[in-house]
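[1] Quick check, what structure comes out for this input:
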Amino acid sequence: MTVCFTGHRQINPDNISAVLHRLEEKIQSLAVQGEVTFRAGGAKGFDTVAALCVIVAKEKYPHIKLHMILPCKNQAEGWSDSEIEKYEYVISQADSVRYTGYDRSSKSMLKRDRALVEGSDLCIAYCNKKSGGTAYTVSYAEKLGVKVENLYQK
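    From the prediction side, this is the model:
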């Protein structure tokens, strides 16, 4: 099974613990079923949280994999030191890293979003808006017939 993550860069602080709990439960429920490849796009916010949850789960379920599909090598340019540190840690723990472009352009981001979804069986999302990159990725997944589970709850 292949699972991709997509979500907003900002998670409501009032909801972060509930979202984290739902995310951890979902990753664990998939991991106990067998081999799972998780794909994350490396953006701040939900992407990073999801990747970190997979890294922790790999300690108990070493058969699961984390593949990072990134828009470009300089994705973290301009981020804070702590954000860059998390980003570099996630990349260092990934089973593979793939770049879909060469610059921080909307075209590279779009290619990354599509690459995350294509070939996935499930898209785990944190989406509370009808526009933007996350909404596009969810819509693209639905268009391709990929099941979407949105962890956002009002």
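
[2] Extract the C-alpha set from the helix or strand where residue 85 lies and format it as PDB.
    Following DSSP states H and E, the helix or strand that holds residue 85 is helix 81-93. Coordinates of each C-alpha in helix 81-93 appear next as PDB, following Å, rounded to 0.1, in the frame of the first residue of the first chain:
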ATOM      1  CA  ASP A  81      16.800  27.500  11.900                       C
ATOM      2  CA  SER A  82      14.500  25.100  13.900                       C
ATOM      3  CA  GLU A  83      12.400  24.400  10.800                       C
ATOM      4  CA  ILE A  84      15.500  23.700   8.700                       C
ATOM      5  CA  GLU A  85      16.800  21.400  11.500                       C
ATOM      6  CA  LYS A  86      13.600  19.400  11.400                       C
ATOM      7  CA  TYR A  87      13.600  19.300   7.600                       C
ATOM      8  CA  GLU A  88      17.200  18.000   7.400                       C
ATOM      9  CA  TYR A  89      16.400  15.400  10.100                       C
ATOM     10  CA  VAL A  90      13.400  14.100   8.200                       C
ATOM     11  CA  ILE A  91      15.400  13.900   5.000                       C
ATOM     12  CA  SER A  92      18.200  12.100   6.800                       C
ATOM     13  CA  GLN A  93      15.700   9.500   8.100                       C
END
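
[3] Who are the contact partners of residue 49?
    7, 11, 19, 20, 23 (C-beta atoms under 8 Å, 6 or more residues apart in numbering). Every C-beta, even on glycine, is put in place using the N, C-alpha and C of the backbone.

[4] For the residues you listed, give me JSON lines that also has distance to residue 58, secondary structure and neighbour count.
    Formatted as JSON lines, the contacts of residue 49 follow (distance: C-beta to C-beta, whole Å; DSSP: H, G, I helix; E, B strand; the rest coil; neighbours: other C-beta atoms under 10 Å):
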{"residue": "7", "distance to residue 58": "20", "secondary structure": "strand", "neighbour count": "29"}
{"residue": "11", "distance to residue 58": "22", "secondary structure": "coil", "neighbour count": "19"}
{"residue": "19", "distance to residue 58": "20", "secondary structure": "helix", "neighbour count": "19"}
{"residue": "20", "distance to residue 58": "17", "secondary structure": "helix", "neighbour count": "16"}
{"residue": "23", "distance to residue 58": "14", "secondary structure": "helix", "neighbour count": "22"}
